[in-house]
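Q: got a predicted structure plus its sequence, pasted below:
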Amino acid sequence: MLRPDDLYEIVDESVATGPAATPKVMVHSLDGFMDAGQAGRVTADHLLEVLDHRLLARFDIDLLHDYRARRPEVTFAEDRFTDYTPPHLSLHLLTDDAGVEFLLLEGAEPDNHWDRFAGAVRQLIERYNVTLTVGVHGIPMGVPHTRPLGLTAHATRPELVTRSNIWDGEMVLPASAGTMLQVRLGEAGKDAMGFAVHVPHYLAENRFPGAALALVHAISAATGLLLPSKALLDEAAVTGRLVDEQVEASEDASAVVKALETQYDAAEGSLSRKSLLADSTPSADELGAEVEQFLAELNREDND
């Protein structure tokens, strides 16, 4: 039977370990379930791009990944296949702008061995003296891109949740490895929290850097890490102008966004904004279907 430590290998033994090590935060972003606007993926890529980092550990992806359910990409060039890109799941040590070290777990969400995966992450948490884990991703919402993005916060202890969510009560949702991990860490008495940024559902399939920008700010506020955001801010401004231009070029698209703005503004300030959930507002879905079709060209234009 596999043990949790069979799922990963340490590739850098030079980092201090155990209780004597400096306490650290671990941020995690796992691809594969729900990540509207590629919010979590862009957040992880941004941190790796702008901060000094080194690889600490890698997971055995062949044990965890279902290749037929989520097939990797391969490039075909004229008469041959090239550039096969395998999935990965890696743990990195990063240093923020104030010189504070933290961990980033990023890559493909495991398809298999979830509880062993949670056990493996717990081992790594104890090895590197992690005192708080923070998960990030995006969820689609019936909101316009012209208004501030909301966030849903969740944690293993109420004291860790420092913002009000837009609904109360209970919901039964499909689990992800990230949400299961938070449950298991809570059961083990470990502090864990996360943020889901609300992405306009008509942009959910596009790269939406404003969502990653909101997550970076949320991580900084919750952990005290000094994380640079200028590159995301600049990209978000460019993307925002592009979307505005696309919307303004169509009367139908403009009407859709105005309707969403009216709905958002009417709900703003109320105790509950359940009506903004994309899957619970037929009116938003009907309106969004039109703008989704219109803005579908964004990805192709970006590729061009």
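A: Now that the structure is in, tell me what you want to look at.
Q: sec struct for L213, please.
A: Three-state call for L213 (DSSP: H, G, I helix; E, B strand; the rest coil): helix.
Q: pull the contacting residues for the closest residue to it other than its chain neighbours.
A: Excluding the flanking residues, the one nearest L213 by C-beta to C-beta, 6 or more residues apart in numbering is L232, at 4.2 Å. Just so you know, the C-beta spots here come from the backbone N, C-alpha and C atoms, and that holds for glycine as well. By C-beta atoms under 8 Å, 6 or more residues apart in numbering, the contact set of L232 is V42, H46, P209, G210, A212, L213, V216.
Q: could you do Q123 as well?
A: Contacts of Q123 by C-beta under 8 Å, 6+ apart are P4, D5.
Q: now it: which helix or strand?
A: Here Q123, judged by DSSP states H and E, is contained in helix 114-127.
Q: list the contacts for L30?
A: With C-beta under 8 Å, 6+ apart, L30 has these contacts: 40, 89, 105-110, 135, 137, 176-178.
Q: my read is it is in a strand, agree?
A: Yes - under three-state DSSP, L30 sits within a strand.
Q: quick check: beta-bridge partners of it?
A: Bridge pairing for L30 (DSSP bridges) gives the partners G107.
Q: helix or strand right after the top helix by length along the chain?
A: If you go by DSSP state H, the chain has its longest helix at helix 230-248. Scanning forward in sequence from helix 230-248 by DSSP H and E, the next helix or strand is helix 251-267.
Q: what are the buried residues along that next one?
A: A253, V256, V257, A259, L260, Q263, Y264 (16 or more other C-beta atoms under 10 Å).
Q: and the angle for it with helix 230-248?
A: 120 degrees (axes from the mean of the first three to the mean of the last three C-alpha atoms, to 10 degrees).
Q: so what's the nearest residue to L2 once chain neighbours are set aside scoring on pLDDT?
A: Of all residues not flanking L2 in the chain, R116 sits nearest, at 5.9 Å (C-beta to C-beta, 6+ apart). R116 is assigned 97 on the pLDDT scale.
Q: is it true that R116 touches P4?
A: Yes - applying C-beta atoms under 8 Å, one finds R116 in contact with P4, separated by 5.1 Å.
Q: low-scoring stretches of the stretch 151-300 of the chain, by residue?
A: Within the stretch 151-300 of the chain, the ranges that satisfy pLDDT under 70 run 269-300.
Q: what segments of it are helices?
A: Using DSSP state H, counting those that start in this stretch, the helices found in the stretch 151-300 of the chain span residues 177-187, 209-223, 230-248, 251-267, 282-295, 297-303.
Q: can you tell me which of these is packed in deepest?
A: Most buried of those, by mean neighbour count (mean count of other C-beta atoms under 10 Å): helix 209-223, with a mean of 23.
Q: summarise which helices and strands it is packed against.
A: If you count contacts as 3 or more C-beta pairs under 8 Å, 6 or more residues apart in numbering; DSSP states H and E, helix 209-223 packs onto helix 39-50, strand 130-141, strand 151-155, strand 192-200, helix 230-248.
Q: do you know how far the residue sitting furthest away from the middle of the chain is from R71?
A: Distance from the C-alpha centroid of the chain, by C-alpha atoms, centre = their mean, peaks at D79 (37.2 Å). Note on D79: its distance to R71, by C-beta to C-beta, to the nearest Å, is 22 Å.
Q: please apply the same query to T82.
A: For T82 relative to R71 (C-beta to C-beta), the value is 16 Å.
Q: and D97, by the same measure?
A: Between D97 and R71 the computed distance is 38 Å (C-beta to C-beta).
Q: what about those two, which has more around it?
A: Each of D97 and R71 has its neighbours counted (other C-beta atoms under 10 Å); D97 has more, 12 against 9.
Q: quick one: that one is in a strand?
A: No - using three-state DSSP, the assignment for D97 is coil, not a strand.
Q: re the thing from before, redo the helices and strands packed on helix 209-223 as JSON lines? Include distance to V15.
A: Shown next, in JSON lines, are those (distance: least, C-beta to C-beta, whole Å):
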{"stretch": "helix 39-50", "distance to V15": "17"}
{"stretch": "strand 130-141", "distance to V15": "12"}
{"stretch": "strand 151-155", "distance to V15": "27"}
{"stretch": "strand 192-200", "distance to V15": "21"}
{"stretch": "helix 230-248", "distance to V15": "27"}
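Q: for these, which one sits closest to Q182?
A: When the helices and strands packed on helix 209-223 are compared by C-beta to C-beta, strand 192-200 sits nearest Q182, at 4.6 Å.
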